[in-house]
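Colleague: could you look at this predicted model? Sequence included:
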Amino acid sequence: MPTYTFKSNKTGKEWDDTMSWKELDGYYKEHDCEQVFNSMAKVISTTGDIHSKTTNEFKDKMKDIHKAAGPKSQMFKGPRDRNMIYHNTEK
């Protein structure tokens, strides 16, 4: 069963109690209280993909590696899978 945090309307005191969702409405009336909702922690995230965050020097180095990679290499970009970096070359 979930644990809820309550605050008394008269005294302002806070406490936790465990009960089912169905018992919640009766508990509010019986104890003259309201439920306290604690805010969630802020989440920091980024947008974009890995290619938009890499430097031009890194992108140039990757182009050189792809040019030098042979058809048996995992880095080879063959004519069929031009957008994939890794693919099975043993077909």
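Modeller: Received, thanks.
Colleague: K72 versus D64, what's the distance?
Modeller: If you measure D64 against K72 using C-beta to C-beta, to the nearest Å, the figure is 18 Å. (C-beta placed from N, C-alpha, C; glycine too.)
Colleague: now swap in I65 and tell me
Modeller: When distance is defined by C-beta to C-beta, I65 is 15 Å away from K72.
Colleague: next, count neighbours for N9.
Modeller: Other residues lying near N9 total 11 when counted by other C-beta atoms under 10 Å.
Colleague: how about Y4?
Modeller: The number of residues packed near Y4 is 18, by other C-beta under 10 Å.
Colleague: I'd guessed it sits against E23; true?
Modeller: No: contact status for Y4 versus E23: not in contact, 9.9 Å apart, counting by C-beta atoms under 8 Å.
Colleague: just to revisit the earlier point, I65 and K72 - which one has more neighbours?
Modeller: In terms of neighbours (other C-beta under 10 Å), I65 is the more surrounded of I65 and K72; the figures are 11 against 8.
Colleague: list the buried ones in the strand or helix carrying that one?
Modeller: I65 is located in helix 56-68, with elements delineated by DSSP states H and E. For helix 56-68, burial by neighbour count (16 or more other C-beta atoms under 10 Å) applies to no residue.
Colleague: for it, list the C-alpha coordinates in CSV.
Modeller: Provided in CSV are the C-alpha atoms of helix 56-68 (Å, rounded to 0.1, in the frame of the first residue of the first chain):
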residue,chain,number,x,y,z
ASN,A,56,34.6,19.7,-36.7
GLU,A,57,38.1,18.2,-36.1
PHE,A,58,36.5,15.0,-34.8
LYS,A,59,34.1,14.9,-37.7
ASP,A,60,37.1,15.4,-40.1
LYS,A,61,39.0,12.6,-38.4
MET,A,62,36.1,10.2,-38.7
LYS,A,63,35.8,11.0,-42.4
ASP,A,64,39.5,10.1,-42.8
ILE,A,65,39.0,6.8,-40.9
HIS,A,66,36.0,5.9,-43.1
LYS,A,67,38.0,6.6,-46.3
ALA,A,68,40.9,4.5,-45.2
